[in-house]
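> give me the fold of what follows.
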Amino acid sequence: MKTIAFRRQLAPADVEAIARLVEFSGFFSEEEIEIAIQLAEEKLEQQDASSYRFLFAEMENQVIGYTCYGLVPATVSSYDIYWIVVANDLQGHGLGKRLMAETEKIILQSGGKQVYAETSSREQYEPTHKFYESCGFQKEAFLKNFYADNDGKIIYSKVLK
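Residues are numbered from 1 along each chain as shown. Sure, this is the predicted structure:
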């Protein structure tokens, strides 16, 4: 695999890259794709006033994955992972784990002590569940029928060290 670079600064062109990654993943609804785009647009508009943070993985100056994360409002050291997406053709090669590890390192350096991630309980998301667990996350809660009938929310957590 070619050299992967990480960067934290969000550029206007990243909005299109985010849309492409999220859309082509095949996991997200139109509404969810719009939310991913809106978070990036909000960050561009509000800059440091926005609580959303981004980390991009690039190969040959092309965005191949990203995380969107942030301090949970009204907490001292709890962070949410809002999005972690890797280009389809690079999934299963360790990029997601590297992206998560880099994100966790940044969160820890920012004073974060724990990280939370939520996902759907649908069978389609079984690889996502396995991914979080392989990254050291523990299943904390299951909210039945949260997103829709037979589509609950699973909340994962990880204590950072």
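> check the gap between the residue in the chain sticking out farthest from the centre and residue 122 for me.
Distance from the C-alpha centroid of the chain, by C-alpha atoms, centre = their mean, peaks at residue 149 (24.5 Å). Per C-beta to C-beta, to the nearest Å, residue 149 is found 11 Å from residue 122. Every residue, glycine included, has its C-beta placed from N, CA and C.
> likewise residue 112?
Taking C-beta to C-beta, one finds residue 112 at 29 Å from residue 122.
> these two: which is more packed in?
Counted by other C-beta atoms under 10 Å, residue 112 and residue 122 do not tie: residue 112 has more neighbours, with 21 against 14.
> what bits of this structure have low per-residue confidence?
1 (pLDDT under 70).
> burial check on residue 12, number of neighbours?
9.
> and what of the one 4 residues further on?
Counted with other C-beta under 10 Å, residues neighbouring residue 16 total 12.
> now do residue 90
16.
> mind checking how far the closest residue in space to it that isn't next to it in sequence is from residue 31?
Leaving aside its sequence neighbours, residue 90 sits nearest to residue 64 (C-beta to C-beta, 6 or more residues apart in numbering; 5.6 Å). Look at residue 64 and residue 31: by C-beta to C-beta, they are 25 Å apart.
> now residue 41
15 Å.
> with neighbour numbers in mind, choose between these two.
More crowded of residue 41 and residue 31, by other C-beta under 10 Å: residue 41, with 15 against 7.
> how far does the longest helix that the chain contains sit from the chain's center?
Longest helix in the chain by number of residues (criterion: DSSP state H): helix 30-46. Here helix 30-46 is found 13 Å from its chain centre; the criterion is C-alpha atoms, centre = their mean, to the nearest Å.
> can you pull the buried residues of it?
Buried positions in helix 30-46, judged by neighbour count with 16 or more other C-beta atoms under 10 Å: 33, 36, 37, 39, 40, 43.
> what residues are up against the third one?
Taking C-beta atoms under 8 Å, 6 or more residues apart in numbering as the definition of contact, the neighbours of residue 37 are 15, 18, 19, 22.
> and if we set it to 7 Å?
Residue 37 makes contact with 15, 18, 19 under the criterion C-beta atoms under 7 Å, 6 or more residues apart in numbering.
> measure residue 71 to residue 51 for me?
Going from residue 71 to residue 51 by C-beta to C-beta gives 6 Å.
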